[in-house]
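Student: please find the sequence and the predicted model below.
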Amino acid sequence: MHSTSVPIERDSPAPASPVPADQDDLVPELESTLSDLSSLEIRHEIEVECLEEWSEPGEVKERLRADCEREYQRARAAHLQRLALLQKQVRAARSAH
């Protein structure tokens, strides 16, 4: 029987580092966070497509799909939380000027 593995690579959750206080540091942090989120979205779409095309029995495929979705949602939530903190900092920096 031919077995096909689906590589599941995950970004670690968004860094727990403090949000930069300096407005000049916010732009690179925002860019990095958005890039990480975009990469996560693309990788998730690819993983879902691979699972759809995989010839394993439905039960195995469904379990892997659920695991994939759960991990994706966890990683996505961490990135969105980081993005929200950065957006809040940008608003605070703008109102201070």
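Tutor: That came through, no problem. As the structure is a computational prediction, the values presented were derived from the model and not from experiment.
Student: so where do the helices sit in this structure?
Tutor: 23-53, 58-96 (DSSP state H).
Student: quick one, grab the pLDDT at the residue nearest to Cys68 when sequence neighbours are not counted.
Tutor: Setting aside the residues directly before and after it, Cys68 is nearest to Glu47 in space (CB to CB, 6 or more residues apart in numbering), at 5.4 Å. All C-beta atoms are positioned from the backbone trio N, CA, C, and that covers glycine. pLDDT recorded at Glu47 is 95.
Student: and if you look at Glu52?
Tutor: So, for Glu52, pLDDT stands at 90.
Student: export the helices of the chain to JSON lines and tack on mean neighbour count?
Tutor: Shown next, in JSON lines, are those (neighbours: other CB atoms under 10 Å):
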{"stretch": "helix 23-53", "mean neighbour count": "14"}
{"stretch": "helix 58-96", "mean neighbour count": "14"}
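Student: could you report the pLDDT at Arg82?
Tutor: Looking at Arg82, the pLDDT reads 96.
Student: Arg94 now?
Tutor: pLDDT, read off for Arg94, is 81.
Student: any idea how far it lies from Gln81?
Tutor: Distance of Arg94 to Gln81, computed by CB to CB, to the nearest Å: 21 Å.
Student: quick check: the gap between Ile46 and Pro28.
Tutor: Taking CB to CB, one finds Ile46 at 27 Å from Pro28.
Student: kindly report the same for Glu69.
Tutor: For Glu69, the distance to Pro28 - CB to CB - is 31 Å.
Student: before we move on, what about Arg82?
Tutor: 13 Å.
Student: quick check: phi and psi at Ala57.
Tutor: Not quite, residue 57 is Pro, not Ala. phi -60, psi 150 (degrees, to the nearest 10).
Student: tally up the residues packed near it, please.
Tutor: 8 (other CB atoms under 10 Å).
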